[in-house]
Every structure is written in structure tokens, then in C-alpha cells.
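# no letters, just coordinates:
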């Protein structure tokens with residue numbers, strides 16, 4: 001592996017060491033090196049203080065307007081030409097729809113955008129302007145410090161449907177795997193294809209649009225320009241073709257990449273899944289085995305889809321006023337960032353793993369006035385997985401004045417939360433569930449972890465939220481606990497446990513406060529309901545643990561649900577499900593017309 005000129009090799013190796021987990025016996029949790037939040041981090045509230053005052057302080061800090069030099073750098077001044085569009089078919093499994101795509105042979109505006117950003121950065125900052133028009137971009141938009149990239153009204157960027165274009169310009173030359181970038185994929189550190197919009201260790205950056213005709217289009221459902229599939233198509237098996245759903249022969253046995261492991265350790269890490277060395281499972285195995293980032297080169301020949309927008313190690317970040325669609329993977333993924341604001345962004349992308357906004361190990365984040373129509377969770381707060389916890393928790397997050405139209409979960413915490421999550425505030429959210437008849441919102445408030453992902457969740461506060469059409473209220477054939485969807489509030493500490501071979505890190509969940517929630521009902525073929533269940537709390541399941549004896553398996557504790565109306569619940573015999581939970585307080589809570597005040601354990 002050789003290093004491109006921008007980052008000297010020694011600097012990269014220091015970075016790789018920072019990303020890699022500490023070398024300890026696999027399967028035994030090591031103390032995470034907590035990231036120093038720095039002088040600009042929002043301090044934690046004092047014990048007994050008003051939590052919503054702390055939320056206001058976070059919002060005020062994130063709302064400070066960015067400061068950029070008053071000079072524009074139009075991409076047309078650097079040779080960019082707009083393109084013509086033709087009709088194409090976008091597909092995700094059985095769903096197909098007609099879209100527009102750049103005509104074959106369209107001019108590539110990647111060089112012009114890169115040159116404009118470089119000139120803007122060199123001048124001390126300013127605004128890189130993408131004018132109205134259709135712009136075909138065969139490579140990533142990479143932001144630099146003090147650069148504001150702005151899409152005018154009617155500006156639409158179409159990123160090329162060619163994975164090789166995102167393995168050409170990275171700072172880390174990985175030979176046959178391509179020129180890759182430092183990234184994180186489902187909580188694990190990796191060298192991978194560049195996200196379509198990317199920044200690494202930059203400060204004072206902004207990505208904005210004039211309105212929702214300012215579009216970032218990842219084209220993830222259209223056929224690759226080579227004609228062999230699409231980004232979304234990587235999810236499913238197709239005969240003998242290697243993709244994310246199959247074993248990958250490029251992934252070497254653990255004894256080759258981590259020779260210091262004992263046979264017992266290798267067995268624990270590999271587990272019993274027949275495709276443990278498929279890309280999505282092999283990367284977590286490398287984390288458990290202590291393999292450093294410099295030896296986690298994926299890219300060409302692998303099938304880990306990049307995010308639409310990913311910022312790593314950045315400070316003072318603004319995303320505002322545009323529409324994001326057709327993302328290969330998660331739409332927005334800030335990692336180890338400080339002072340982040342995403343505002344007035346329309347996230348309309350219904351492909352696989354199309355979470356809308358996933359802040360990971362970030363401190364001081366504001367999400368406001370955004371709309372979500374997503375193929376996975378609308379918002380999913382994360383903090384690393386397996387042993388990749390060196391950036392510590394995500395903390396001090398405010399979510400307010402947003403609309404959730406569809407998705408698996410509305411406000412979700414986890415599942416990759418090994419570093420912990422604390423001090424999260426959500427208010428004035430409309431979980432609209434607009435597509436309840438065809439693509440319903442699975443659950444409104446969702447917490448998910450397991451014995452591998454571990455971590456802690458504490459101090460979640462939710463208030464003043466509405467569910468005019470409830471959540472997914474379809475019949476679940478008498479299920480005791482609708483953890484995967486169908487409950488309005490879900491705490492699932494045994495989420496997808498079978499996906500993780502190493503289950504040695506019991507999670508800790510406490511201090512969840514929900515008030516003034518109002519759910520409406522919809523008329524289905526067999527009745528009128530708001531949900532299948534009102535509340536599901538599945539605490540840690542001791543039988544799932546496979547680590548050394550003597551580790552405490554703690555119950556979920558101190559959950560308060562106050563002044564809420566959950567509408568008409570389909571599972572009238574068990575509207576509230578609890579397992580391994582203590583001190584769950586329902587106060588003035590109405591379920592199917594009956595109001596209760598009761599403490600449960």
C-alpha cells in the first residue's frame with residue numbers, strides 16, 4: 001500500500017492506529033479510549049437540571065451561522081458543462097419506476113468541481129456555486145476547510161453509476177482495491193470506496209441548496225454504466241456472482257490476517273454462519289480480531305456500498321436546504337464530528353439501508369425542519385460496533401420540528417452503539433406515516449442493541465410528538481413482542497442477535513423519558529388501529545450472552561411514559577410487553593381508551 005501525496009505515510013499510519021481497536025483478546029471487551037470532546041463541546045447538564053434547557057443550549061450552539069469569505073467560485077468557470085437527460089429505470093427488488101439519468105457520453109463535471117473547491121480552499125474559503133442545470137459527476141465531491149458548496153435552485157447533481165469512479169481519487173493507494181478513503185461502514189472502520197460527498201478532518205464546511213429542486217442524486221437504483229447490476233443490486237444473491245450476500249474469496253482466513261489468535265478465539269469470531277467471510281460479516285470479524293485499519297482495504301472486488309454524504313473527524317458542519325435521493329447506502333453519516341447541523345433537507349430515498357441521518361460518535365448535533373421518506377430508519381444515532389469504539393459516545397443531540405413519512409424507525413438509537421449514546425432530545429416531531437397503506441412506518445421511537453453491540457443508552461427525552469396515522473398496525477399473528485415493527489415505542493436489547501457471533505458486551509439502558517405523545521388510528525381491512533402494540537421493552541436476554549461468566553446482565557431501568565395517548569392497539573391482550581425491565585412508570589397513559597397510572601417491572 002502506498003500513500004498519495006496529500007497525506008504522508010506516517011500521518012496515515014497514525015490515523016490508522018487511531019481508527020483501529022486496541023489489541024486485546026478478541027471477545028473480551030476492552031475499555032474504549034474516549035475521544036476528547038474538546039473545548040467547543042457542549043458540557044453535560046448538571047444532575048437535576050432541566051433537560052430541555054440543555055437541549056436549547058445545544059440548539060443555540062449549532063444554530064450559529066457559518067462564516068465564509070464572500071467570494072463565489074462557479075464550477076462553470078472551471079469548465080463544467082451541464083448535460084442532457086434521458087429516461088431510465090430505477091429498481092429495488094420488485095419495485096421499478098422511471099427516472100431521468102445523464103445521456104451516454106455526457107460531459108464529466110468532476111474535474112471542474114474539484115478545481116473550484118481547490119481554488120476556494122487555497123483562497124481562504126468562500127462559496128463553490130453549482131448553478132441551475134443537470135450536472136454529471138464521475139467522482140466524489142470532496143469538501144475542504146472553509147469551503148461552502150451550494151446548489152442553486154434547479155441544480156441537480158447526478159453521481160455516476162460506476163463504482164470504479166469512487167476508487168480513483170482517494171488519498172490511500174490500495175493497489176488492486178483502488179485509491180480508497182478512510183471511512184466507517186455499519187460502525188466498523190474501513191478503507192473503502194469514497195462516499196459521493198466526503199470530507200476528512202476538515203473544519204467550517206457547508207453543503208447547502210436553495211430549495212428542494214437542489215438535488216444530490218446517487219442514482220443507486222439505475223443500472224451500472226457497465227451494465228452489470230446496480231448499487232442496490234449488491235444486496236441480493238444472483239447465482240454464482242459474488243456480492244454482499246455471498247462469501248468473498250478475496251477475504252482471507254483469520255489465521256492469515258490475525259495469526260496471533262488462538263483456535264478458540266477464531267471459532268468465536270467466525271461463529272456458525274456459512275457466509276461469515278462475506279463482506280458485511282468479514283469487516284466486523286476484522287474488528288474483533290484486532291486487525292488495524294491499514295489492513296482493512298475493501299473497495300474494488302468488494303461490495304460495501306458507500307454513503308451519499310459522509311464527513312469524518314470534522315468540526316462546524318452545516319447541511320441545509322437540498323434534497324437527497326437514490327443513495328447507495330446511508331444518506332448522511334457524520335463520524336467523530338463536532339457542532340453539526342442538518343436543516344431543511346428532504347431525504348427521499350427508499351432503497352436498502354437508506355437511513356436518512358446517522359450521526360456516529362458525534363458531539364453537539366441539531367436536526368431540524370427535515371423530512372424523511374426512507375428505506376430504513378429515518379434517523380439512527382450510532383457510536384461504533386465490535387471493538388471500534390475509540391471515538392466514544394454520541395452525545396448532545398437535538399431533533400426537532402421534523403416529519404417522518406416512512407421508514408423502519410423514526411427516531412432510532414443504535415444498533416451500532418458500542419461506544420454509548422447519551423443526552424438525546426426529540427420534540428415536536430410528526431411521525432406522519434404518510435404511506436401507511438403501502439409502506440408503513442415501523443415504529444416511532446426505537447432503541448436497538450444486543451450483546452455484541454453493547455454500549456449504554458441513557459438520558460433520552462422525547463416530548464410533544466404526534467402520530468396521526470399511528471405506525472404499522474398489521475396483524476402479527478399473536479406475537480408477544482413486535483420488536484421489528486408494530487410498536488410505537490420499542491426498546492430491543494436483543495436486536496438481530498444471530499448476526500453477531502461474539503456476544504460478550506451486555507448493554508445498559510436507563511433513564512428514558514417520553515411525554516405528550518398522541519397517536520391516531522387508520523382503518524384497515526379488519527379494524528381501526530394505531531399500532532400492533534403500544535410499548536415493547538425487551539431488556540438484555542441472558543441466554544444470548546456467550547462471554548466469560550461473572551458479567552452483570554442489567555435490566556432496562558427508569559423508563560417514564562407520561563401524559564400519552566397510544567390510540568387503539570391491535571394486540572389488546574398485551575398492549576405493553578416487558579422483559580428484564582425495572583421501574584417502568586406509566587402515568588396518565590391512555591391505551592385503547594383506557595387511562596392507566598402504573599409502575600411496572
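Everything's here; your move. The structure presented is a predicted model; accordingly, all values stated were derived computationally and were not measured.
# where does the prediction get shaky in the stretch 151-300 of the chain?
In the prediction, the stretch 151-300 of the chain carries no residues with pLDDT under 70.
# so, low pLDDT: which residues of this structure?
1-41.
# in it, which residue is most central in space?
The centre of the chain sits closest to residue 358, judged by CA atoms, centre = their mean, with a distance of 3.0 Å.
# show me the contacts for that residue.
330, 332, 333, 377, 379, 380, 381, 382 (CB atoms under 8 Å, 6 or more residues apart in numbering). C-beta coordinates here come from the backbone N, C-alpha and C atoms, glycine included.
# residue contacts, residue 435?
373, 405, 406.
# where's residue 114, which helix or strand?
helix 110-122 (DSSP states H and E).
# following the chain onward from that helix, which element is next?
strand 126-130.
# who does that next one touch, helix- and strand-wise?
On a contact count with 3 or more CB pairs under 8 Å, 6 or more residues apart in numbering; DSSP states H and E, strand 126-130 meets strand 72-74, helix 110-122, strand 147-151.
# so how far is the shortest one off the chain centroid?
Remark: strand 72-74 is offset 31 Å from the chain centroid, using CA atoms, centre = their mean, to the nearest Å.
# contacts for it, please.
Taking CB under 8 Å, 6+ apart as the rule, strand 72-74 contacts 116, 117, 119, 120, 123, 126, 127, 128, 129, 131.
# cutoff 7 Å now
Contact partners of strand 72-74, identified using CB atoms under 7 Å, 6 or more residues apart in numbering, comprise 116, 119, 120, 126, 127, 128, 129, 131.
# what residues are up against the first one?
Taking CB under 7 Å, 6+ apart, we find residue 116 in contact with 73, 75, 78, 128.
# which among those residues count as buried?
With burial judged by 16 or more other CB atoms under 10 Å, the buried subset of these is 73, 75, 78, 128.
# closest to residue 584 out of those residues?
residue 128 (51.1 Å; CB to CB).
# beta partners of the closest one?
residue 73, residue 149 (DSSP bridges).
# for it, give its distance to residue 70.
13 Å (CB to CB, to the nearest Å).
# report the buried residues of the helix holding residue 114.
110, 111, 112, 113, 114, 115, 116, 117, 118, 119, 120, 121.
# what's the closest of those residues to residue 155?
Closest to residue 155, out of all of those and judged by CB to CB, is residue 113, at 11.6 Å.
# in contact with that closest one, which residues?
With contact taken as CB under 7 Å, 6+ apart, residue 113 is in contact with 75, 80, 137, 141.
# could these go into a markdown table alongside secondary structure?
Converted to a markdown table, those look like this (DSSP: H, G, I helix; E, B strand; the rest coil):
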| residue | secondary structure |
| --- | --- |
| 75 | helix |
| 80 | coil |
| 137 | strand |
| 141 | strand |
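# pull the contacting residues for residue 159.
If you count contacts by CB under 7 Å, 6+ apart, then residue 159 has 137, 196, 217, 218, 219 around it.
# now it: phi and psi?
phi -80, psi 140 (degrees, to the nearest 10).
# likewise for residue 353?
Dihedral angles (degrees, to the nearest 10) for residue 353: phi 60, psi 30.
# neighbours of the spatially closest residue to residue 142 that is not a sequence neighbour, how many?
Leaving out its chain neighbours, the residue that sits closest to residue 142 by CB to CB, 6 or more residues apart in numbering is residue 198, at 5.2 Å. A total of 23 residues lie near residue 198 under the criterion other CB atoms under 10 Å.
# my read: residue 198 touches residue 182, true?
No - between residue 198 and residue 182 no contact is recorded; they are 9.6 Å apart, counting by CB atoms under 7 Å.
# measure residue 393 to residue 153 for me?
Residue 393 is 39 Å from residue 153, where distance means CB to CB.
# please say which of the two ends up with more neighbours.
Using other CB under 10 Å as the criterion, residue 393 and residue 153 rank with residue 393 on top: 27 against 13.
# wait, that one sits on residue 418?
No - contact between residue 393 and residue 418 fails when scored by CB under 7 Å: they sit 9.6 Å apart.
# quick one, phi psi at the residue nearest to residue 186 when sequence neighbours are not counted?
Leaving aside its sequence neighbours, residue 186 sits nearest to residue 416 (CB to CB, 6+ apart; 5.9 Å). The phi/psi pair for residue 416 (degrees, to the nearest 10) reads phi -80, psi 90.
# contact partners for residue 416?
Here residue 416 is in contact with 186, 187, 382, 384, 385, 453 (CB under 7 Å, 6+ apart).
# mind running it again at 6 Å?
Residues in contact with residue 416, defined by CB atoms under 6 Å, 6 or more residues apart in numbering, are 186, 187, 382, 385.
# before we move on, what about residue 144?
117, 121, 202.
# can you check residue 560 too?
Residue 560 neighbours (CB under 6 Å, 6+ apart): 513, 585.
# report the secondary structure state of it.
Here residue 560 is strand, with the state taken from three-state DSSP.
# tell me if I'm right that residue 174 and residue 180 touch.
Yes - the criterion here is CB atoms under 6 Å, and residue 174 meets it with residue 180 at 5.1 Å.
# more neighbours: which of those two?
Per other CB under 10 Å, whichever of residue 174 and residue 180 has more neighbours is residue 180, with 26 against 20.
# and that one, how close does it get to residue 341?
29 Å.
# quick one: the helices in the stretch 1-150 of the chain?
Ranges of helices in the stretch 1-150 of the chain, per DSSP state H, counting those that start in this stretch, are 9-19, 51-62, 110-122.
# pull out the buried positions in the second one.
This points to helix 51-62. Applying 16+ other CB under 10 Å to helix 51-62 flags 51, 54, 55, 57, 58, 59, 61, 62 as buried.
# next, format those residues as a markdown table and append distance to residue 550.
Putting these into a markdown table (distance: CB to CB, whole Å) gives the following:
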| residue | distance to residue 550 |
| --- | --- |
| 51 | 35 |
| 54 | 36 |
| 55 | 39 |
| 57 | 41 |
| 58 | 38 |
| 59 | 43 |
| 61 | 42 |
| 62 | 42 |
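# which parts of stretch 507-526 are buried?
Quick answer for stretch 507-526 (16+ other CB under 10 Å): 507-515, 517-519, 521-522.
# from these, which is closest to residue 438?
residue 522 (12.0 Å).
# ok, now which ones touch that closest one?
436, 469 are the contacts of residue 522 under CB under 6 Å, 6+ apart.
# ok, what's across the strand from it?
Assigned bridge partners for residue 522, using DSSP bridges, are residue 529.
# the closest residue to residue 533 other than its chain neighbours: how many residues sit nearby?
Nearest residue to residue 533, sequence neighbours excluded (CB to CB, 6+ apart): residue 487, at 4.3 Å. Using other CB under 10 Å, residue 487 is surrounded by 32 other residues.
# please enumerate the helices of this protein.
Under the criterion DSSP state H, the chain carries helices at the ranges 9-19, 51-62, 110-122, 254-257, 263-270, 279-288.
# need these in a markdown table with distance to residue 433, can you?
What follows is the helices of the chain, written out as a markdown table (distance: least, CB to CB, whole Å):
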| stretch | distance to residue 433 |
| --- | --- |
| helix 9-19 | 38 |
| helix 51-62 | 25 |
| helix 110-122 | 38 |
| helix 254-257 | 44 |
| helix 263-270 | 40 |
| helix 279-288 | 29 |
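# what separates residue 426 from residue 515, distance-wise?
11 Å.
# just residue 378 next, same as before
Applying CB to CB to residue 378 and residue 515 gives a distance of 21 Å.
# ok, residue 530 - contacts?
470, 519, 521, 567, 568.
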